[in-house]
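**Student:** Quick one: sequence plus predicted model below, questions after.
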Amino acid sequence: MSLLDMDERLLDVATRYELVYSPLIDAKEFPDNVDVTLVEGAVSTEADLAKIRKIRGRTRTLVSLGDCAVTGNIPALRNLLPPGEALAVYDHPPRSEVPALRHVQPVHQVVPVELHLPGCPPSADAIHEVLIALLEGRAPDVRGARFGN
């Protein structure tokens, strides 16, 4: 949602970037030769793992966006317990059709990442700075971005 919080700056970004994929908008195949990909969330399922490997192979600059992607954050708390123990508190544990990984991992532990942008969520200002800096060919200034903010 912080992306939308850029307000009128979003229009500037939209005229300079072409949105070619979003799992929230469509379900098409991730395209080849993508310049910049923003990835949110930790890698917690086999489907996540397959998708992030595909994305990495087709992206020039990969940005881990937010604390979950950067550190694993809340989803990685399940790593503190033996597999299955967290579900033992339920009379009827939730079922998933997607096999979970044994350990939740931040994105950079699975594939190389060019830029980490922390925050929960990252601020609109920080996201805007990253997107514009990458377009201008300069290193983004993310010193104001902090974990948990």
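**Tutor:** Received it, and whenever you're ready, just let me know what you need.
**Student:** How about the contacts made by Val113?
**Tutor:** Leu62, Val63, Ser64, Val107 (Cβ atoms under 8 Å, 6 or more residues apart in numbering). For every residue, glycine as well, the C-beta is placed using N, CA and C.
**Student:** Let's see that with 6 Å instead.
**Tutor:** Leu62, Ser64, Val107 (Cβ atoms under 6 Å, 6 or more residues apart in numbering).
**Student:** With Glu8 instead?
**Tutor:** No contacts exist for Glu8 under Cβ under 6 Å, 6+ apart.
**Student:** Just among the contacts of Val113, which is most surrounded?
**Tutor:** Of all those, Val107 has the most neighbours under the rule other Cβ atoms under 10 Å, reaching 27 neighbours.
**Student:** Show the pLDDT at the residue positioned nearest the centre of the chain.
**Tutor:** Nearest residue to the geometric centre of the chain (Cα atoms, centre = their mean): Glu40, 1.8 Å. What the model reports as pLDDT for Glu40 is 96.
**Student:** What ranges does the chain have for its strands?
**Tutor:** Along the chain, counting by DSSP state E, strands occupy 34-39, 43-45, 59-65, 100-105, 115-117.
**Student:** mind giving me TSV with these and columns for distance to Lys51?
**Tutor:** Below are the strands of the chain laid out as TSV (distance: least, Cβ to Cβ, whole Å):
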stretch	distance to Lys51
strand 34-39	9
strand 43-45	9
strand 59-65	12
strand 100-105	13
strand 115-117	19
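**Student:** Which of the helices and strands in this structure ranks last by mean pLDDT?
**Tutor:** When the helices and strands of the chain are scored by mean pLDDT, DSSP states H and E, helix 8-16 comes last with a mean of 89.
**Student:** Can you pull out the low-pLDDT segments for the protein?
**Tutor:** 1, 147-149 (pLDDT under 70).
**Student:** Recalculate using a threshold of 50.
**Tutor:** Scanning the chain for pLDDT under 50 picks out nothing.
**Student:** Against Pro83, how distant is the residue of it most remote from its centre?
**Tutor:** Within the chain, the residue lying farthest from the chain centre (Cα atoms, centre = their mean) is Asp91, at 32.5 Å. According to Cβ to Cβ, to the nearest Å, Asp91 stands 19 Å off from Pro83.
**Student:** just Pro121 next, same as before
**Tutor:** Relative to Pro83, and taking Cβ to Cβ, Pro121 is found at 29 Å.
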